[in-house]
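Novice: sequence? don't have it. structure:
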């Protein structure tokens, strides 16, 4: 996000904590006035969707996930809750710190972890406090309202930003009964906006994801969320560099030959040297975390690090893209990643899906347009793009269905995803496409 660096550097150097120009919740944030399913009629369906007759649920390899594996009853998730609106739960928000040894570098990595979860209304200390802006609807340090165990979404932020840039997604999933954890990728966040990116960051990010899962698995009994999140079957999502992180943790491999022979030579710097040391060895070993059972990369970047390595992804993946993305373009990232996911040798090609936004940009899938309105006017914000509220409402609804299908094993969600349309998952508007391998 090219202008964000300047603003963040200014706020860091002056010590000022910025909020949006209007400290009240933005009308563009998914709230009580969401786009309803009825506003997206079948007549608006674009030509690219999969019709109900093109693929049956039985053809989906991910249909092997049965509802009994992680039942809705076990996690007390309301599978009938309307995905086109915020869920019934109050949202709590808290932050933690974790430290772990990455095996790359001498010092332990220390991460701030933001947590969202279903909460008891009024039990917190007022409105949540996010870096740089006021949240939509979340209570600071509220008591969890989780009777047994909740499904888990892990979120990976983009380069040089912070976890709360994806708070619209985190709040939405928490309102639908999920626990959401988003770690700060130390060394590639707001605090390091003026620093060069260490070569190790291309691996550290996925190690951060695994460390966060480890941390949640081993919370002390006194922690409010101890034992409340299902860390054995988690869904992972991330934006931009976080999309790249998502792909690697889901099983994508590095194209080491291309990296060593071509890409590091083009990039210059220390990457070639690093690839011949411990970093290269860690890349060769891969970064797959078997606790991740579904993946939703958004506007993923760094295609040249992975290339056809995306064929090795072992879990159902919903690739979310914006055709007018200028940071990670259709030609340089979106289409190549999608073609790799559905290549004949791809291990999960039948269960992968792409949700393509034809008139959206890079910032469409963050809160930049709502809370930092001067940014990205030419890459997702502004009147020339699909309105943020409409785009994010659609993205969230389809993401929730993906999670219901492949984390909770909900048969109705699996069927809707297979068909692309249905009573629960209506036809898309003309500015979006739902794509499969067929």
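Specialist: Here it is on my side, so go on. From a predicted model like this one, the values you see are computed outputs, not experimental measurements.

Novice: which residue ranges of the stretch 301-438 of the chain form strands?
Specialist: Ranges of strands in the stretch 301-438 of the chain, per DSSP state E, counting those that start in this stretch, are 318-322, 353-357, 432-435.

Novice: longest helix of this structure?
Specialist: As assigned by DSSP state H, the longest helix anywhere in the chain is helix 388-406.

Novice: packing partners for it?
Specialist: helix 167-175, strand 229-239, strand 292-298, strand 318-322, strand 353-357, helix 411-419 (3 or more CB pairs under 8 Å, 6 or more residues apart in numbering; DSSP states H and E). Using the backbone N, CA and C atoms, a C-beta is placed for each residue, glycine as well.

Novice: can you show me the helices along the stretch 201-350 of the chain?
Specialist: Counting by DSSP state H, counting those that start in this stretch, one finds helices in the stretch 201-350 of the chain at the ranges 201-217, 241-249, 256-258, 264-267, 271-275, 278-285, 303-306, 335-341.

Novice: compare those and say which comes out lowest on pLDDT.
Specialist: Mean pLDDT is lowest for helix 264-267 out of the helices of the stretch 201-350 of the chain, coming in at a mean of 89.

Novice: in that helix, what's buried?
Specialist: Using 16 or more other CB atoms under 10 Å as the test for burial, helix 264-267 gives residue 264.

Novice: chain center to that helix: distance?
Specialist: Distance, stretch centre to chain centre, for helix 264-267: 29 Å (CA atoms, centre = their mean, to the nearest Å).

Novice: over to stretch 188-208?
Specialist: Once both centres are worked out by CA atoms, centre = their mean, stretch 188-208 turns out to sit 18 Å from its chain's centre.

Novice: in a markdown table: the helices and strands packed on helix 388-406, plus mean neighbour count, mean pLDDT and distance to residue 280.
Specialist: Output for the helices and strands packed on helix 388-406, formatted as a markdown table (neighbours: other CB atoms under 10 Å; pLDDT from 0 to 100; distance: least, CB to CB, whole Å):
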| stretch | mean neighbour count | mean pLDDT | distance to residue 280 |
| --- | --- | --- | --- |
| helix 167-175 | 28 | 97 | 33 |
| strand 229-239 | 25 | 97 | 23 |
| strand 292-298 | 27 | 98 | 23 |
| strand 318-322 | 27 | 97 | 27 |
| strand 353-357 | 23 | 96 | 31 |
| helix 411-419 | 22 | 85 | 38 |
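
Novice: how about the ones you listed, which one is nearest residue 200?
Specialist: Among those, strand 229-239 comes nearest to residue 200, with 17.9 Å by CB to CB.

Novice: other SSEs contacting the closest one?
Specialist: strand 150-156, helix 201-217, helix 241-249, strand 292-298, helix 388-406.

Novice: just those: most buried one?
Specialist: Mean neighbours per residue, mean count of other CB atoms under 10 Å, is largest over the helices and strands packed on strand 229-239 for helix 241-249, with a mean of 30.
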